[in-house]
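[1] Below are the sequence and a predicted model; questions follow.
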Amino acid sequence: ELAPSVECYTAVIDSCASRGDIDQAADWIEDMYDRKIHPDTKAYNCVINAAAKASSSNEAVLWLDRMKASSVQPNKVTYTAVIDAC
């Protein structure tokens with residue numbers, strides 16, 4: 001059996017982000033939480049990027065806040081995606 005990993009989830013979330021599908025991206029990252037798989041900076045960046053592509057600044061900021069609350073460090077890519085959402 002193939003165990004789910006941060007990398008696998010991030011690839012799926014990135015695919016959702018490329019389509020601007022914030023709802024699906026959020027569902028996948030929530031599934032990570034449910035499975036006790038801790039999203040890393042790249043996973044959060046992908047979901048924030050999905051929010052940006054959907055022009056949803058509120059969602060982008062929400063995910064940035066969740067990222068920080070999870071003690072995951074935002075980077076330049078993170079903040080660029082949040083700015084793009086505005």
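    Nice, I can see it.

[2] Do you know the pLDDT at E1?
    In this model, E1 is scored at 65, pLDDT.

[3] Phi, psi for P4 please.
    When read as degrees, to the nearest 10, the backbone of P4 gives phi -60, psi 150.

[4] how much space between it and D14?
    Using Cβ to Cβ, to the nearest Å, P4 is found at 15 Å from D14. The way it works is simple: take the backbone N, C-alpha and C, and place the C-beta from them, glycine included.

[5] Stretch 12-32: which residues count as buried?
    12-14, 16-17, 20-22, 24-26, 28-29, 32 (16 or more other Cβ atoms under 10 Å).

[6] Give the residue spans of this protein that score low on pLDDT.
    1 (pLDDT under 70).

[7] For it, which segments count as helices?
    Using DSSP state H, the helices of the chain run over 6-18, 22-34, 41-53, 57-69, 76-85.

[8] Show me how far the first one is from its chain's centre.
    Its chain's C-alpha centre lies 8 Å from the corresponding centre of helix 6-18 when counted by Cα atoms, centre = their mean, to the nearest Å.

[9] rewinding a little: most packed of the helices of the chain?
    A comparison of the helices of the chain by mean neighbour count, using mean count of other Cβ atoms under 10 Å, puts helix 41-53 on top with a mean of 25.

[10] Kindly calculate the angle that that helix makes with helix 57-69.
    Relative orientation of helix 41-53 versus helix 57-69 (axes from the mean of the first three to the mean of the last three Cα atoms, to 10 degrees): 170 degrees.

[11] contacts for helix 41-53?
    By Cβ atoms under 8 Å, 6 or more residues apart in numbering, the list of residues contacting helix 41-53 from outside reads 6, 9-10, 13-14, 16-22, 24-26, 28-29, 32, 39, 57, 59-60, 62-64, 66-67, 72-75, 77-78, 81-82, 84-85.

[12] That helix to helix 22-34, inter-axis angle?
    Using the same axes, to 10 degrees: helix 41-53 against helix 22-34 is 160 degrees.
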